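[1] Just a sequence and a predicted model for now, questions to come.
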Amino acid sequence: AEELHVVMRFLQAQHPALQVRALLAHGEVADAALRYAVQFGRAASCPVRRLVLLGAPHGSLSDAPPEAWSVLSVHGTADEHVAVLRARMYHRQHLAGGRHG
């Protein structure tokens with residue numbers, strides 16, 4: 001999460017006109033992107049409020065980005081590295097807030 005925060009701040013400083021529409025992350029990096037959203041997503045300087053997780057291991061089922069964020073989690077049923085059950089559990093836990101699809 002810290003490294004992603006540094007990268008996002010660097011991009012903002014180097015390219016002030018750049019509009020980041022979403023963060024797209026795969027595997028373990030998806031968990032890092034989720035932690036970034038949890039840790040830094042409330043700041044007004046955070047340039048993005050959309051998160052796409054591809055095959056995220058959901059290391060922490062309780063991590064949820066702030067309410068202003070939209071989250072899309074994509075997970076294949078034949079994933080040999082991360083059980084789809086983790087994604088289903090995460091989705092069920094956060095579906096009630098209407099912020100996870």
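    Looks like it came in fine.
[2] Now do the SS call for the residue minimising distance to the centre of the chain.
    The centre of the chain sits closest to Leu34, judged by Cα atoms, centre = their mean, with a distance of 3.3 Å. Under DSSP: H, G, I helix; E, B strand; the rest coil, Leu34 falls in the helix class.
[3] go on, Gly59?
    Going by three-state DSSP: Gly59 is coil.
[4] And it, how far from Phe10?
    From Gly59 across to Phe10, the span is 25 Å (Cβ to Cβ, to the nearest Å). Glycine gets a C-beta too; all of them are placed from N, C-alpha and C.
[5] Which strands and helices lie in contact with the helix or strand of the chain with the lowest mean pLDDT?
    Scoring the helices and strands of the chain by mean pLDDT, DSSP states H and E places helix 84-95 at the bottom, with a mean of 80. Helices and strands touching helix 84-95, by 3 or more Cβ pairs under 8 Å, 6 or more residues apart in numbering; DSSP states H and E, are strand 70-74.
[6] Please save the CA atoms from the strand it packs on in CSV.
    C-alpha atoms of strand 70-74 as CSV (Å, rounded to 0.1, in the frame of the first residue of the first chain):
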residue,chain,number,x,y,z
SER,A,70,-16.6,1.5,-6.3
VAL,A,71,-15.1,-2.0,-6.2
LEU,A,72,-15.4,-4.7,-8.9
SER,A,73,-13.9,-8.1,-8.0
VAL,A,74,-13.3,-10.6,-10.9
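[7] quick one, it and helix 84-95 angle?
    Inter-element angle recorded for strand 70-74 and helix 84-95: 160 degrees (by axes from the mean of the first three to the mean of the last three Cα atoms, to 10 degrees).
[8] What is the burial count for Gln14?
    8 (other Cβ atoms under 10 Å).
[9] how much space between it and Met8?
    11 Å.
[10] Kindly report the same for Leu23.
    Distance from Leu23 to Met8, by Cβ to Cβ: 9 Å.
[11] Please list all residues in contact with Val29.
    By Cβ atoms under 8 Å, 6 or more residues apart in numbering, Val29 lies in contact with nothing.
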